[in-house]
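1. only geometry, no sequence info:
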């Protein structure tokens, strides 16, 4: 709870938006009249009504239920992808930043190359190589965000390694592993948390992009990007088909973005105050 | 000329207002040198910057009066500016005093860099790194043009429109004047300096250039904010001489801010002692130094020793040589050399011209070091920055390795200069101490707790500090924590790399006392690295002098201070103690 104190307004607004989405997900757990793949001929492209709150899609499936599933899928995939990115990137960044020399040179050049390619393109390549199950998408996105994590963490670890407390720890006989993860890691936490938020955001966007292109999570499992892709053919006849998944995704992105921003600002504020 | 009345500076950027400077009163006459003395945080720099009109921010409230009598200048000044006829009128203006705190920005601008010159503490950052020295030295003239102050502000005060009669200097004129100013501060080869970038000059040269840029417009008041603190002792002495000469030749008044009483005593005729924003004592320099009234002043003066004291103390400690024979050595360094590897990249990019730049050749490492440290002995290692002191320290504790020569050492501990970066900012003091014990192999919680409480007592820190973060401690307290961490490793040799250089005088003393006591109690050897010869004298048994990576002289303290053999040692001593 200490973490929540003293944040900027943006942070709380973002938190509020995410809270609303959370309630929306909870509602989906409590209120479950349909399964995501259950078809109802009468609801085919029908507008929002009491029985189908968000209307029905081209096969008569309930859009409310499918948006629920899509949101869950997006968040889950992004969560695990970010986790992979965080752990992988931090380890690579820590090792290259701390040891430097040839290890740094070699690994960073590879990262640079990966960095030059947009992460969604990178994920695209991975997915087309490995197939497009949920696990594959998680792996693809996770690997795609590793470079940005590695780059940030390397800079941070390198800066910290120069400070004397690291030398002091070395002199006391601490192992390199201990120095890296017990002594330095807490000091790079602020940057790491920023990175996590930003990359979570990117993952949501990238996942939606992949699904939109049809190479993300495969139907019949619903995903926000996939629904938008399906619905754009019926923009005139059934605008809600695109609007509901779209709005949910935009809310999610804005919420996360505000939190990331607010979080970064808080650290700036704190630094300014300390000086 | 300058009168400061009830100057009070308050900060409003935190939740409650803080008073940084309280009721400072003093007046300055033409050509006078006043020393403003005090520890860091005592408000001396704030006072100076307030006078120069450099703090005008929303969250800082300055009250009181800073009266600037602008008239006295004209008689002396105009002779330099023969061709400016316009200023003749202003000569007849009557005496006027301006309150610098209330003066409009326009008036202040006409004074800054023109009548009031400012020298900053750190010559490394006070110059813009991307402009040539010459350009920056000329800047004051470029900004103010040939129009002298008299006209600009009398117009401003009378509410007249500025008639825009400023005459800009031509490029040639500017260069001539700048070269003259650079030559006047004893810079060799002004032409080269003129065309150099700041990073091509050494610290001392940069500080000279800084003085040149402040003096180019012949100000009446020169505010020098710790102008020598960032410099080596030998350079310090030269800068002080230069300021003295400027004062005599140009009759420039100098407000000299320093925490170094030795310098103040040498330079100033009047002294103001500040503590926590209050003036605790002010008056004639000779009077204050010979007969200090305030307790604080006495303490400050006591922390400074004189060469005379050394002679008196000689008899007391003559048993030193015998002690050496009977004790075993804890550290033996033999023919040791260490060179910093030059990376292939920097070799690729360094051009021919760079090789001759100052500072390029000296910093490459240490050569043929041979020294022995005995049990319980406190050895001082002195020398200018860049002489290789820290490199040697790092080699001894094992942070740097080299196959050239040998180092045999027992358990070592190290204390760093910057206690802020040397303590992990995200960990509590208790964790840090525990970590030190854990790493030296103590496992039982009980034992760890006992040892930590014991060590806290030993370094004179209260137990509550265990719950605090390093940022919540003062510099001296952090340094004590560092010492405690080092002690928990049970070292036979404690390497202290400038442990007190970043601290205030009074705290310096308490830390050195602590080190001395610990050394005696635990029979622990200390290698004490410092550039401050006074502290070294107070603490050490033996002193090694380093220059350009070599130990040039090694002798027991009294011998070295009274009969230095090497020229370099003599130079160091002279600049530090005279």
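-> It's in. It should be emphasised that the depicted structure is a prediction, and the values quoted were computed from it without experimental measurement.

2. Show me which residues of chain B are close to chain A?
-> Counting by CB under 8 Å from any CB of the partner chain, the residues of chain B close to chain A are B:14, B:397-399, B:412-414, B:416, B:418, B:421-427, B:435-436, B:439-440, B:471, B:482, B:485, B:489. The C-beta positions use only the backbone N, C-alpha and C, and glycine is treated the same way.

3. what about 7 Å?
-> Neighbours of chain A within chain B, by CB under 7 Å from any CB of the partner chain: B:397, B:399, B:414, B:416, B:418, B:421-427, B:436, B:439-440, B:471, B:485, B:489.

4. Which ones among those map onto helices?
-> Secondary structure from DSSP state H places B:397, B:421-422, B:436, B:439, B:485 of those in helices.

5. Check the residues you listed and tell me the two furthest apart.
-> B:421 and B:439 (19.4 Å; CB to CB).

6. So which residues on chain A come close to chain B?
-> With CB under 7 Å from any CB as the criterion, chain A meets chain B at residues A:163-165, A:167-168, A:170-174, A:183, A:186-187, A:274.

7. Can I get the buried part of those residues as one ChimeraX selection?
-> To isolate the buried ones among the residues of chain A next to chain B in ChimeraX, judged by 16 or more other CB atoms under 10 Å in any protein chain shown, type:
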select /A:163,164,165,167,168,170,171,172,174,183,187
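
8. Can you add pLDDT and secondary structure and give the residues of chain A next to chain B back as JSON lines?
-> Formatted as JSON lines, the residues of chain A next to chain B follow (pLDDT from 0 to 100; DSSP: H, G, I helix; E, B strand; the rest coil):
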{"residue": "A:163", "pLDDT": "86", "secondary structure": "coil"}
{"residue": "A:164", "pLDDT": "85", "secondary structure": "helix"}
{"residue": "A:165", "pLDDT": "88", "secondary structure": "helix"}
{"residue": "A:167", "pLDDT": "86", "secondary structure": "helix"}
{"residue": "A:168", "pLDDT": "86", "secondary structure": "helix"}
{"residue": "A:170", "pLDDT": "85", "secondary structure": "helix"}
{"residue": "A:171", "pLDDT": "84", "secondary structure": "helix"}
{"residue": "A:172", "pLDDT": "83", "secondary structure": "coil"}
{"residue": "A:173", "pLDDT": "81", "secondary structure": "coil"}
{"residue": "A:174", "pLDDT": "84", "secondary structure": "coil"}
{"residue": "A:183", "pLDDT": "90", "secondary structure": "helix"}
{"residue": "A:186", "pLDDT": "89", "secondary structure": "helix"}
{"residue": "A:187", "pLDDT": "88", "secondary structure": "helix"}
{"residue": "A:274", "pLDDT": "49", "secondary structure": "helix"}
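
9. Check which helix or strand residue B:205 maps to.
-> helix B:203-215 (DSSP states H and E).

10. Check the offset of that helix from the chain's centre.
-> Taking CA atoms, centre = their mean, to the nearest Å, one finds the center of helix B:203-215 at 15 Å from the center of the full chain.

11. Parallel or antiparallel, list what pairs with the very next helix or strand once past it.
-> Sequence order places strand B:221-225 as the next helix or strand after helix B:203-215, per DSSP H and E. Counting by DSSP bridges, the strands paired with strand B:221-225 are strand B:116-119 (parallel), strand B:253-258 (parallel).
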